[in-house]
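# sequence first, then the predicted structure:
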Amino acid sequence: MKKLLLAAVAIVALASPALAKRLAVPSDDPAVTLVVPDSWTMKEIEFGHSAVSPDKSVAFYVEYAAGKRVKAMTDLNKEWLKDNDIVTLGDAEERELDFNGIKGSVLKFKAKDENGPTNVNFAFLPAGRERVIMLTLWGSDAEQAKNDADINAILGSIKPIQ
């Protein structure tokens with residue numbers, strides 16, 4: 001009987017949708033929410049949160065700042081590029097995208113890191129009252145393709161708070 005009960009619990013657990021962590025950004029007066037799968041390793045960072053894919057090949061960051069702190073946030077990200085030996089190759093491809101009702105701008109950089117060719121994308125979303133939300137996605141085309149379902153789920157989960 002005990003084995004039958006354990007088997008039933010295991011089947012229900014496997015059939016349940018994947019768990020995920022919902023973030024409100026910024027946490028004290030949110031402008032957006034988004035969801036990151038629990039399988040991604042998350043930690044708080046100076047301006048928000050970082051998440052790393054289960055295979056440790058793709059990094060996603062959601063950061064926010066207001067007023068004068070926006071420059072400090074972008075300066076910290078320039079430092080981050082240097083600290084991770086990421087060298088951008090040429091100018092960024094710039095475009096406007098709609099993130100589920102939030103119009104934002106995206107800078108897509110072809111780059112190289114210690115593993116070879118990679119991509120670094122920065123998306124900037126307005127968050128009202130001189131606030132900016134910055135999303136960063138770092139990984140090669142192949143690494144992003146392996147994690148495509150999770151990346152699309154994260155980006156698709158971005159919702160404005162009305």
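Okay, I see it. Numbering: from 1, shown residues only.
# assign a three-state SS to Lys112, would you?
Using DSSP: H, G, I helix; E, B strand; the rest coil as the criterion, the local structure at Lys112 reads strand.
# and the gap between the residue nearest to it when sequence neighbours are not counted and Ala111?
Spatially, and ignoring its direct neighbours in sequence, Lys112 is nearest to Val87 (5.4 Å; Cβ to Cβ, 6 or more residues apart in numbering). For every residue, glycine as well, the C-beta is placed using N, CA and C. Using Cβ to Cβ, to the nearest Å, Val87 is found at 6 Å from Ala111.
# the more surrounded of the two?
A direct count of neighbours by other Cβ atoms under 10 Å for Val87 and Ala111 places Ala111 higher, at 20 against 12.
# what pLDDT does that one get?
Reading off the confidence values, Ala111 has pLDDT 96.
# need phi/psi at Leu89.
With angles defined as degrees, to the nearest 10, Leu89 shows backbone torsions of phi -110, psi 100.
# same question for Ser157.
Taking degrees, to the nearest 10, you get phi -90, psi -10 for the backbone angles of Ser157.
# again with Ile151
Its backbone dihedrals place Ile151 at phi -60, psi -50, with angles given as degrees, to the nearest 10.
# pretty sure it sits against Val58.
Yes. Using Cβ atoms under 8 Å, Ile151 is in contact with Val58, at 7.0 Å.
# shared neighbours, those two?
By the contact definition Cβ atoms under 8 Å, 6 or more residues apart in numbering, Ile151 and Val58 are jointly contacted by Leu137, Gln144.
# neighbour-wise, which of these two wins?
Per other Cβ under 10 Å, whichever of Ile151 and Val58 has more neighbours is Val58, with 24 against 19.
# and that one, what does it touch?
Contacts here follow Cβ under 8 Å, 6+ apart; on that basis Val58 touches Val52, Leu137, Trp138, Gly139, Glu143, Gln144, Lys146, Asn147, Ile151.
# measure the last one to Val120 for me?
As defined by Cβ to Cβ, Ile151 lies at a distance of 14 Å from Val120.
# need the overlap of contacts for those two.
Overlap between the contact sets of Ile151 and Val120, as judged by Cβ under 8 Å, 6+ apart, is given by Leu137.
# in the protein, which spans are strands?
Chain-ordered strands for the chain, with DSSP state E as the definition, fall at 20-25, 32-37, 41-45, 48-52, 59-66, 87-88, 93-99, 102-113, 116-126, 131-139, 159-160.
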